[in-house]
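Q: Prediction below, plus the sequence it came from.
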2 protein chains.
Amino acid sequence: MSSIHETIHRMGRQARAAAYRLAQLSSDEKNTILRAMATAIRDATPELLEANSRDLAAGVEKGLSPAMLDRLKLDEKRIESMAAGIDQVATLPDPVGQVMEKWSRPNGIEIEQVRVPIGTIGIIYESRPNVTADAAVLCFKTGNATILRGGSEAIHSNVAIAQALATAGAPEHAIQLIPFTDRDSVAALAGMDQWLDLIIPRGGKGLIETVVSLARMPVIKHYDGICHLFVDEAADIDMAVSLTVNAKTQKCGVCNALETLLVHRDIAPNALPQIAAALCEKNVELRGCERTRAILTDVKPATDEDWYTEYLDLILSIKIVDSSEEAISHINQYGSHHTDTIVTADTATAERFLRSVDSACVFHNISNRFADGGEFGFGAEIGISTDKLHARGPMGLRELTSYQYRVRGNGQVRG
Amino acid sequence: MSSIHETIHRMGRQARAAAYRLAQLSSDEKNTILRAMATAIRDATPELLEANSRDLAAGVEKGLSPAMLDRLKLDEKRIESMAAGIDQVATLPDPVGQVMEKWSRPNGIEIEQVRVPIGTIGIIYESRPNVTADAAVLCFKTGNATILRGGSEAIHSNVAIAQALATAGAPEHAIQLIPFTDRDSVAALAGMDQWLDLIIPRGGKGLIETVVSLARMPVIKHYDGICHLFVDEAADIDMAVSLTVNAKTQKCGVCNALETLLVHRDIAPNALPQIAAALCEKNVELRGCERTRAILTDVKPATDEDWYTEYLDLILSIKIVDSSEEAISHINQYGSHHTDTIVTADTATAERFLRSVDSACVFHNISNRFADGGEFGFGAEIGISTDKLHARGPMGLRELTSYQYRVRGNGQVRG
C-alpha cells in the first residue's frame, strides 16, 4: 500500500509539472504530436498484438466470457481504427485559448474569460484497451495531463499502447499509465486532490460508485441511461413505431437505448398493437403495466422494478399514462435523467415536455439514439455525463476544459 | 442520528419536488416573489431583532469573540441591507432559459443548448445570518431549491429569516432551513446524492474539508486566497506601490487580499524601499527572503511556511525573484490558484504571465482586490470558487445554472 501510494503520488506530481508544459503548447504543436501518436500506434502493431495475446490467454485461463474476451481483443483492424481516431482528433478545433466572453467595466478594466486546460485528469476504466488511447488523446488535445488506471485484464495491452504513445514527442509524463491494477491504486488516485483536478471513471455502476465514495476531487459520472420514449395522444403512429424500433433495437447495449415506452391512453389502442408487432419482429421481449396487458394480452407484467431498470438488452417495459403530465412525472421519478423523447404533432405539448423533463437530452420526434457526441457534431466524445455540473450529456473536447479570467488595466485600484 | 437522517432525507425529497415547480416559474413570477421576500424581511424587522438578540445573548454566554459577535449581529441597517440585496437580485437578468448555443445537423435535427436550474442545492455556512437570505435568494432567482444548514450560533436568527422568506409566495419547500446544527446533519446532507445536486460550503477551511470528505455529490469550494503581486523589472514603480498598498490594505481579511509580494531582482533596490515605506504607513508587518532583507534591513525573515500562508491580516511576505519565470513557478507552487497580478509595462511579459499562471483570475496592472463578482459586473456573487470545474473564480447567477440539450426533428432515426 505505502509503495503504491508513493508511486501514485509521484505520478501525480509529475502530471502537474507536465500539465504546465502542456498548457504552453500551441494547437499546431499538439496536432503534430497527435499525428505522431497515430503513426506510433500503427508502427507498434506487432507489439500491441503480442501484448494483447498475453491478456487474451490470461483471460481464457481466468474463464472470461466470450463478450468480455471480445471487448479485450485487439486485431489489426481495431488497431488501425485506434490510430485513425487519433488522426481525427488532430483535425478537430482546439478549444484551449478560445475567448468565451470579453467585456470592459466603467473603470476601464478589460475582462476576458478564456478557455484553459483543466490540468490533470485521472481516467479509471475497465476492460477495453482502446480507452487507453482514446481518453489520453482527448485529454492531450485539450492540454491536460492524464493518469490512466486500466483494468487488470488488459494490463499488457494498456502498457504497450501507453509505451507507443510515449514515443511521439509529448512532454514527459503527459500521459502516464499506473502499473498497478489493484483496488489500492484507485484509493490512492482518488485521495490526491492536490495533484489531480478531475477523475472520470469509465465503466459500470460499481466502479463509478467506488470512485465517488473515495474521491476528494470532482468526478464526472457516466451513470445509467434509463431512457424513455413517450407516444403522445397527438403522435403520428408510423413515426412512433419507427422511432421506438430504432431507439430500442438499433443497438441495445448502450446508454442511450430505449428502456421504457410510455403511451398516452387515448392513442394506446391504435398505436400499441402496431408498435408491438414491429418490436416482435426484432425479437424484443415486452413487459407491460396492467392497462398495456389489456391491449397486448400476451405480454408479461412489468413490476415497479422494471421502471427502474436499464436492461441493455432486447427487453422493453411499457406503461400507459393518462396525460403528458403523468409521462413527465414518471420520467422524472424513475428515469436516470439521460435522454427522453416525446413523439407528438402537438408543438405546445412537445415544448412543455422539453421544458419539464429534467434530463440531459430531451428530444422531440427523433430517436433517443441521437444522444451522442458524434451525432451532435462534437467530432469526439469522452462519454455522456449524467452529472449536472460542468458537463451534462454528450461531452466533447470543450467539456475537457476550464477557464480563467484574464483582466488588464492601467493601474486601477479598488476604492 | 436516525431521526435527523430521516428529517433531512424528507427535506431532500421535498426540495426535489419544489425544484420541479420552481423550474416552471417565469422570470417575472420569480422577480415578483423576490420583491415580496424583500418586503417580508423589512416587515419582520422586530422579529428578526428579537431572534438575533437571543443568539447574541447565547454568544456572549458562550464567550464568543467581539469579532464573532459582530458577524452574528443584526441591526436595522443590516436588515435593510439584506432586503435591499433581495430587491437588487430581482432586477438582475435571469440566466434560466437562455439559449447558449444553437445549431442544426445535416440530417435536419435542430440542437439547442439551454440554461436550466441545477435543481437542488445545499448551503452549509457558519455564523453570519445574512447568508440565509443571500444564498437562498440567489438560488431562488436561478430556479433552484435550497436546503440551508447554518451554524448553531445564529440558529434563532436563521429560523426567523427563513420564516419571513417563506411568507412571500414561493413554492412550498423552495427554501428550507435545517433545524439541527450538529455535525450529523452535515453528514446526512452530504450523503443524499439522490436528492441534492450540489453542496456549497461557505466558511473556513475546516468546514469545507469536512464537506469534501463526506460529500457524494459535487461540492463547489471557496478555499483560501494566497494571492500574489509580481513587480516585474519593467514595472512603473509608482503603480507598483499603489497596487501593492491597495491589494494588501484596502481590506485585508478577505480572500482576494494580497499575501505575497514578488519583486524582480533588477527593480528591487529601487522599488522595495518605496513599497515598504508606503506599507509601513499602513502598519503592515513585512517578512522577507534573505535578499529582501539585504535591502530592507529591519524586516523579519520569511520561512517556507510564509509562502503557504493566507494571513488575512496586515502582514505581507516578500520574495525577490530572478525572472518572471521564477515568479510564475513560485505562484503555481505556493499559491492557491485564486488571483495573481503582474505589474509591468512590458506587454509580452504580461501576456506570458497571464497565460502561464494557473489561477482563476490573472491580472495585469490592476489590484488583486478586483477579483469580485460585483467588480466583474455580475450584480451578485455567491462566492469565489477555487475549483476548476463548473465554476472558477467569481460566481454569479450563471454559475448557479446547468444546461440541457433540447433537440427537435421530424422522425429521424439513427442508421
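A: Here it is on my side, so go on. Numbering: from 1, shown residues only, chains lettered A, B, ... in the order given.
Q: helix or strand for A:Ala18, which one?
A: When elements are defined using DSSP states H and E, A:Ala18 is found to belong to helix A:2-23.
Q: List the buried residues of that helix.
A: Burial within helix A:2-23, assessed by neighbour count using 16 or more other C-beta atoms under 10 Å in any protein chain shown, is assigned to A:4-5, A:8-9, A:11-12, A:14-20, A:22-23. (Each C-beta comes from the backbone N, C-alpha and C, glycine too.)
Q: for stretch A:98-112, same thing?
A: Applying a neighbour-count criterion of 16+ other C-beta under 10 Å, one finds A:Ile109, A:Ile111, A:Glu112 buried in stretch A:98-112.
Q: Pull the residues that contact it.
A: A:113-115, A:403, A:405-410, A:412, B:366, B:370, B:375-377 (C-beta atoms under 8 Å, 6 or more residues apart in numbering or on different chains).
Q: what pLDDT, on average, does it get?
A: When pLDDT is averaged over stretch A:98-112, the result is 97.
Q: ok, now stretch A:227-247?
A: Model confidence over stretch A:227-247 averages 98 on the pLDDT scale.
Q: touching chain B at all, that stretch?
A: Yes - taking C-beta under 8 Å from any C-beta of the partner chain as the criterion, stretch A:227-247 and chain B are in contact, through A:Asp236, A:Met239, A:Ser242, A:Leu243, A:Asn246.
Q: Among the residues you listed, give me the pair with the biggest separation.
A: The largest separation in the residues of stretch A:227-247 next to chain B, counting by C-beta to C-beta, is between A:Asp236 and A:Asn246 at 14.5 Å.
Q: Any idea how far apart the tips of stretch A:66-84 sit?
A: Distances were taken as C-alpha to C-alpha, to the nearest Å; on that basis the terminal residues of stretch A:66-84 are 26 Å apart.
Q: Which of the three states applies to the nearest residue to A:Glu153 once chain neighbours are set aside?
A: When the adjacent residues along the chain are set aside, A:Glu153 lies closest to A:Ser127, with 4.9 Å between them (C-beta to C-beta, 6 or more residues apart in numbering or on different chains). Going by DSSP: H, G, I helix; E, B strand; the rest coil, the secondary structure assigned to A:Ser127 is coil.
Q: Was I right to think A:Ser127 contacts A:Met68?
A: Yes - using C-beta atoms under 8 Å, A:Ser127 is in contact with A:Met68, at 6.2 Å.
Q: Show me which of the two is the more surrounded one.
A: When A:Ser127 and A:Met68 are compared for neighbours, A:Ser127 comes out ahead with 21 against 15, by other C-beta atoms under 10 Å in any protein chain shown.
Q: Roughly how far does that one sit from B:Leu272?
A: From A:Ser127 over to B:Leu272 the distance is 60 Å, taken as C-beta to C-beta, to the nearest Å.
Q: mind checking the SS state of the residue of the stretch 101-250 of chain A found nearest chain B?
A: Taking C-beta to the nearest C-beta as the measure, the point where the stretch 101-250 of chain A comes nearest chain B is A:Asn246, at 3.7 Å. The assignment at A:Asn246 comes out as helix when based on three-state DSSP.
Q: Apart from its chain neighbours, what residue comes closest to it?
A: Nearest in space to A:Asn246, with sequence neighbours left out and distances taken as C-beta to C-beta, 6+ apart, is B:Val413 at 3.7 Å.
Q: domains for chain A, by residue range?
A: A:2-221+A:394-407, A:227-374 (automatic domain parsing).
Q: Report how many residues lie close to A:Ile342.
A: A:Ile342 sits with 28 neighbouring residues when counted by other C-beta under 10 Å.
Q: Now for it: which residues touch it?
A: Listed by C-beta under 8 Å, 6+ apart, the contact set of A:Ile342 reads A:229-230, A:232, A:324, A:327, A:349-350, A:353-354, A:362-365.
Q: Kindly report the residues of the stretch 151-300 of chain A close to chain B.
A: Taking C-beta under 8 Å from any C-beta as the criterion, the stretch 151-300 of chain A approaches chain B at residues A:193, A:197-198, A:212-213, A:216, A:218, A:220, A:236, A:239, A:242-243, A:246, A:250.
Q: Recalculate using a threshold of 6 Å.
A: With C-beta under 6 Å from any C-beta of the partner chain as the criterion, the stretch 151-300 of chain A meets chain B at residues A:Asp197, A:Val212, A:Arg216, A:Pro218, A:Met239, A:Ser242, A:Asn246, A:Gln250.
Q: What's the local residue count around the first one?
A: Read that as A:Asp197. The burial count for A:Asp197: 24, using other C-beta under 10 Å.
Q: quick one: it and A:Gly12, what's the gap?
A: If you measure A:Asp197 against A:Gly12 using C-beta to C-beta, the figure is 11 Å.
Q: How far off centre is the longest strand anywhere in chain A?
A: Across chain A, the longest stretch assigned as strand under DSSP state E is strand A:401-412. In this view, strand A:401-412 has its centroid 32 Å away from the chain centroid, taken as C-alpha atoms, centre = their mean, to the nearest Å.
Q: just stretch A:95-113 next, same as before
A: Offset of stretch A:95-113 from its chain centre (C-alpha atoms, centre = their mean): 31 Å.
Q: Output it in PDB with nothing but the alpha carbons.
A: Once side chains and other backbone atoms are set aside, the C-alpha atoms of stretch A:95-113 remain, and they are given as PDB (Å, rounded to 0.1, in the frame of the first residue of the first chain):
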ATOM      1  CA  PRO A  95     -11.000  24.800 -27.600                       C
ATOM      2  CA  VAL A  96      -7.900  26.000 -25.500                       C
ATOM      3  CA  GLY A  97      -7.300  29.700 -25.800                       C
ATOM      4  CA  GLN A  98     -10.900  30.500 -27.100                       C
ATOM      5  CA  VAL A  99     -12.200  33.700 -25.600                       C
ATOM      6  CA  MET A 100     -15.600  32.800 -24.300                       C
ATOM      7  CA  GLU A 101     -16.600  36.300 -23.300                       C
ATOM      8  CA  LYS A 102     -15.000  39.700 -23.200                       C
ATOM      9  CA  TRP A 103     -16.200  42.900 -21.700                       C
ATOM     10  CA  SER A 104     -14.900  46.100 -20.100                       C
ATOM     11  CA  ARG A 105     -16.000  47.900 -16.900                       C
ATOM     12  CA  PRO A 106     -16.700  51.600 -16.400                       C
ATOM     13  CA  ASN A 107     -13.300  51.900 -14.600                       C
ATOM     14  CA  GLY A 108     -11.600  50.800 -17.800                       C
ATOM     15  CA  ILE A 109     -10.500  47.300 -16.800                       C
ATOM     16  CA  GLU A 110     -10.900  44.800 -19.600                       C
ATOM     17  CA  ILE A 111     -12.100  41.300 -18.600                       C
ATOM     18  CA  GLU A 112     -11.600  38.200 -20.800                       C
ATOM     19  CA  GLN A 113     -12.900  34.700 -19.900                       C
END
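Q: Could you pull out the strands in the stretch 101-250 of chain A for me?
A: When assigned using DSSP state E, counting those that start in this stretch, the strands of the stretch 101-250 of chain A occupy the ranges A:110-117, A:120-125, A:145-149, A:175-177, A:198-202, A:227-231.
Q: Skipping its backbone neighbours, what lies nearest the residue in the stretch 251-400 of chain A that chain B sits nearest to in space?
A: At 3.6 Å from chain B, A:Ile366 is the closest residue in the stretch 251-400 of chain A, using C-beta to the nearest C-beta. Spatial nearest neighbour of A:Ile366, chain neighbours left out: B:Gly409 (3.6 Å); criterion: C-beta to C-beta, 6+ apart.
Q: and what of A:Gly169?
A: In this structure, A:Gly169 finds its nearest non-sequential neighbour in A:Ile33, 5.0 Å apart by C-beta to C-beta, 6+ apart.
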